[in-house]
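*Asks:* got a predicted structure here, sequence first:
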2 protein chains.
Amino acid sequence: MRHKNLAELPCPIARTLELVGEWWTLLIVRDGLLGARRFEDFKRTGIADNVLSARLKRLVDQGIMERRRYQVRPERYEYVLTPRGRSLGPVIAALRAWGQEWTTGEDRSPRLVHRRCGHEVSVGLRCERCDQPLEAADVEPRPQAGSADADRRRSAGVGEPAEDRPPGAGPAW
Amino acid sequence: MRHKNLAELPCPIARTLELVGEWWTLLIVRDGLLGARRFEDFKRTGIADNVLSARLKRLVDQGIMERRRYQVRPERYEYVLTPRGRSLGPVIAALRAWGQEWTTGEDRSPRLVHRRCGHEVSVGLRCERCDQPLEAADVEPRPQAGSADADRRRSAGVGEPAEDRPPGAGPAW
DNA sequence: AGAGTGGCTTGCTTGGCGCAAGTTACAATC
DNA sequence: GATTGTAACTTGCGCCAAGCAAGCCACTCT
């Protein structure tokens, strides 16, 4: 039996994970962002050949990477991120930031710097109107009008701390 | 044979994925951020009982969630994110943003809004010095001094487009 | 007494992953 | 011209993880 198909859930996060949530996939995207192009480049992370082969194939099918021939005799191919793939940058940056803050271990990964000023770059939440960086505490979820979730929340009181729940029981967001 | 242990790689992204990269785990964190607390809440996404049970156990062991008793007879437990878990917010937000831009399908997921002004929130890269939102193209990777990667790059010319590589062959970052 | 609830566990089956070895089509070296 | 090397794969094997269904336990409710 295969993995359950997350793409059928009415949620963009689940759909994204369906495409890139398999073991190794986001590390391949990371390497792609850092300039890896060839099978051997990606293998260096420690992924098994057959798995790498399957992942690259799937990423190409999904339009996240592009397979291009860089040599004719013998035929050799390399893999580069498409715009769709490159726009996973913030996901990778967010994973990286969390790992740096909350895990310990060697860190030989390249810093990400602003090309113009050389200063280190961070990821974060931002309000487009206020044009300000936000903390998680400044943010709250708001069910979409007409969604099943909104209905459920209205009738069950989820989202508003309910009486039978301990204090601080509201959503973290 | 189990999954290979990504935590041994000298990379904060790999270490993060070792902790939350398993199938379903980030959807559980998503639900936690949105206020889910009980086994039944998390099950609603469609995850199998035994898998959910294993994931929650692991998240608790890792300090990402906390198991607390909310009722004595019969004993009932619920799961809430710790600060460590809540700070995965930007990861979830980045996955969500990518899914909204690059996948199609129903979207019943709650919007994330700025608590004060009600305006929708986005995630993105930011230079702390320039205090400006950045595009992926404004960002470049810079190997850490003394890292094995820096050495490899110097000798192999990775990072600087090499002559035997097609145009546009530098890192996307 | 019987049904329902919530948080589990157990057993079964399929398939994903790691590992090692083989394959193809060449180029380079002895 | 025979061997060695290289890059991108594929194949085969064994174990473990995920999905599914069922059962369990300690209650409460009808």
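*Replies:* That came in fine, so what should we check first?

*Asks:* SS state for the residue most central in space within chain A?
*Replies:* Closest residue to the average C-alpha location of chain A: residue A:91 at 3.6 Å, with Cα atoms, centre = their mean. Three-state call for residue A:91 (DSSP: H, G, I helix; E, B strand; the rest coil): helix.

*Asks:* find the nearest non-adjacent residue to it, please.
*Replies:* Closest residue in space to residue A:91, ignoring its immediate chain neighbours: residue B:94 at 4.3 Å, by Cβ to Cβ, 6 or more residues apart in numbering or on different chains. For every residue, glycine as well, the C-beta is placed using N, CA and C.

*Asks:* isn't the one you found up against residue A:94?
*Replies:* Yes. If you go by Cβ atoms under 8 Å, residue B:94 and residue A:94 touch, sitting 4.6 Å apart.

*Asks:* find the residues that touch each one of those two.
*Replies:* Counting by Cβ atoms under 8 Å, 6 or more residues apart in numbering or on different chains, the residues touching both residue B:94 and residue A:94 are A:123, B:123.

*Asks:* what's the residue nearest to residue A:91 in contact with, if anything?
*Replies:* A:90, A:91, A:93, A:94, A:123, B:123.

*Asks:* not counting sequence-adjacent ones, nearest residue to the third one?
*Replies:* Beyond its immediate neighbours in the sequence, the residue positioned closest to residue A:93 (Cβ to Cβ, 6+ apart) is residue A:123, lying 4.2 Å away.

*Asks:* near DNA strand D at all, stretch A:52-69?
*Replies:* Yes. For stretch A:52-69, a contact with DNA strand D is found by Cβ under 7 Å from any atom of the strand, at A:53, A:56, A:67.

*Asks:* so who does residue A:76 touch?
*Replies:* A:38, A:69, A:70.

*Asks:* could you list the low-pLDDT ranges of chain A?
*Replies:* For chain A, applying pLDDT under 70 flags the ranges A:1-2, A:146-170.

*Asks:* tally of neighbours for the closest residue to residue A:89 other than its chain neighbours?
*Replies:* Nearest non-adjacent residue to residue A:89, counting by Cβ to Cβ, 6+ apart: residue B:136, 4.3 Å away. Applying other Cβ atoms under 10 Å in any protein chain shown, we find 21 residues neighbouring residue B:136.

*Asks:* so residue B:136 touches residue A:84, yeah?
*Replies:* No. Look at residue B:136 against residue A:84 with Cβ under 8 Å: they stay out of range, at 11.9 Å.

*Asks:* doesn't the residue nearest to residue A:91 fall inside a helix?
*Replies:* Yes. Applying three-state DSSP, one finds residue B:94 inside a helix.

*Asks:* need the residues of chain A near DNA strand D, please.
*Replies:* Counting by Cβ under 7 Å from any atom of the strand, the residues of chain A near DNA strand D are A:1, A:3-4, A:38-40, A:49-50, A:53, A:56, A:67, A:74, A:76-78.

*Asks:* picking that back up, as a markdown table, the residues of stretch A:52-69 next to DNA strand D with neighbour count would be great.
*Replies:* Below are the residues of stretch A:52-69 next to DNA strand D laid out as a markdown table (neighbours: other Cβ atoms under 10 Å in any protein chain shown):
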| residue | neighbour count |
| --- | --- |
| A:53 | 13 |
| A:56 | 21 |
| A:67 | 12 |
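
*Asks:* so which of the residues you listed would you say is closest to residue B:62?
*Replies:* residue A:56 (30.2 Å; Cβ to Cβ).

*Asks:* roughly how far does the spatially closest residue to residue A:110 that is not a sequence neighbour sit from residue B:28?
*Replies:* Leaving aside its sequence neighbours, residue A:110 sits nearest to residue B:141 (Cβ to Cβ, 6+ apart; 3.7 Å). From residue B:141 across to residue B:28, the span is 31 Å (Cβ to Cβ, to the nearest Å).

*Asks:* neighbour count for the two, which is higher?
*Replies:* Applying other Cβ under 10 Å to residue B:141 and residue B:28 shows that residue B:28 carries more neighbours, namely 26 against 19.
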